[in-house]
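1. sequence below, structure please.
(one chain, ligands or ions: 2)
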Amino acid sequence: MGQEYAVFFHLRDLDVRAGRFDVEIAPGDIDFQLGAKDKDTNLHQAGPLRAQGKAELVMGSDAEIRVSGHLTVEMEADCDRCLEPARFAIDSDFALYYRPVAEGYGDEKEIDSGEAEMGFYEGDGVELNDVLREFILLTLPMQRVCRESCKGICPLCGQNRNQEECQCQAETSDDRWAALKSLKS
Ligand SMILES: [Zn+2]
Ligand SMILES: [Zn+2]
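-> Ligands and ions are numbered 1, 2, ... in the order given. I've put the predicted structure just below:
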């Protein structure tokens, strides 16, 4: 039973006080296919996502919003090597900054050190689910493997080498050895 509403932080409210959140989001409530790369087609939550924190206007800024807190979730995606499901636990503090789109474009100001975590928002504020999705996508490792020692799929016969070794390995290395020998002679 996911929450039926989305938490939205409106500029008008943030101008008065910081917005606090403490949410538990069921798998499926956040669409991880939005803005995801091709290889992320099977990225999804493996369990509930819990997040606590606050959204606030950055002092002295022009409508810049900072969303910070702590997030815990277990994500699941296809292993890059063997294509079996791989789990990724995230248990981390986060802080993301959002500027209004209009201000961000054509802004000639010096890029500050926090720029890497700077996003943009359109309209009157930011939606918490968008922030959480963005943080998770930023945090997941570039290479997603079920385990460091994953042997992957044999490119010749398609066998998952974690389950059973095929004979292709020996043949290809023999071939390479033969090629090397003929080079030497
Ligand atoms: Zn794997
Ligand atoms: Zn094989």
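
2. ok now stretch 74-82, how far from the chain's centre?
-> Relative to the chain's own centre, stretch 74-82 is displaced by 12 Å; criterion: CA atoms, centre = their mean, to the nearest Å.

3. pLDDT of it, averaged?
-> In this model, stretch 74-82 carries a mean pLDDT of 95.

4. what's next to it, contact-wise?
-> Around stretch 74-82, the neighbours that count as contacts under CB atoms under 8 Å, 6 or more residues apart in numbering are 39-40, 42-47, 84-90, 136, 140, 143-146, 150-153, 160-162. (C-beta placed from N, C-alpha, C; glycine too.)

5. is ligand 1 contacted by it?
-> Yes: counting by CB under 5 Å from the ion, ligand 1 has neighbours in stretch 74-82: 79, 81-82.

6. would you mind measuring from the spatially most central residue of the chain to Arg147?
-> Taking CA atoms, centre = their mean as the criterion, Leu137 is the residue nearest the geometric centre of the chain, at 1.4 Å. Applying CB to CB, to the nearest Å, the value for Leu137 to Arg147 is 22 Å.

7. Thr72 now?
-> To Arg147, Thr72 is 21 Å away according to CB to CB.

8. am I right that the residue nearest to the centre of the chain is in a strand?
-> No: when classified by DSSP: H, G, I helix; E, B strand; the rest coil, Leu137 is found to be helix rather than part of a strand.

9. state the distance from it to Arg144.
-> Going from Leu137 to Arg144 by CB to CB gives 12 Å.
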